[in-house]
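1. generate a structure from the sequence data that follows.
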Amino acid sequence: MNDIRTPRLLLRRWQDDDLVPLSEIHADPTVMQWIGDGRPRSLEETAEDIEAWEEEWDEEGFGVFAVELLGSGELAGAVGLYVPDSPPEIADRIAITWRLGRVYWGQGYASEAAHAALEFALQDRGIDRVVAAPRPGDSASANVLEKLGMTMEGAVQDPVHGHDLRLYTIDLTEYEG
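-> Numbers count the residues shown, from 1 in each chain. Modelled structure (predicted):
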């Protein structure tokens, strides 16, 4: 799998020295408020996330990339594709996700990285449909999804964490790169 370069970012597979910077991102309650159950993650949980993402790469041929700033080499966060277990409306479909350290917010990095990951999914991997399921109130994620050309198709309930989710989708015929 080749790395993906954007004008400012390198999307690549995970390396051992990514654990500590990603765990610092995961430890920030503001970053994690819209992800999963909304609580910060420990170093051990972050290691488990990276391991799961790498396993998905090996099994599916896609996964969550490490996002590195080209200019400095800093780890800014994560972006990529995964197969959710729930809710049932999106289980076993391919979803896009991202999380960036708070210091990298508001600079267009999330949109740039998510655009590259979506293009990778639809054009490189031949995936015909990608979904996303942000929580209501996560307007920053909704804005990124709309910039990607994804459209909201309705609402679903997260049976694991008990909160509502908004279902966004895009398919290859709608993608304008």
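2. distance check, Arg8 against Val144.
-> For Arg8, the distance to Val144 equals 16 Å [CB to CB, to the nearest Å]. All C-beta spots, glycine's among them, are computed from the backbone N, C-alpha and C.
3. of those two, who's got more company?
-> Using other CB atoms under 10 Å, the more surrounded residue of Arg8 and Val144 is Val144, with 24 against 14.
4. got the phi and psi for that one?
-> phi -60, psi -40 (degrees, to the nearest 10).
5. helix, strand or coil: sort out the nearest residue to Leu10 once chain neighbours are set aside for me.
-> Once flanking residues are discounted, Leu10 sits nearest to Glu68: 4.4 Å by CB to CB, 6 or more residues apart in numbering. Here Glu68 is recorded as strand under DSSP: H, G, I helix; E, B strand; the rest coil.
6. so for Glu68, what's the pLDDT?
-> You'll see Glu68 listed with a pLDDT of 98.
7. same thing with Glu176?
-> pLDDT recorded at Glu176 is 66.
8. okay, and the beta partners of the residue nearest to Leu10?
-> Leu10, Leu75 (DSSP bridges).
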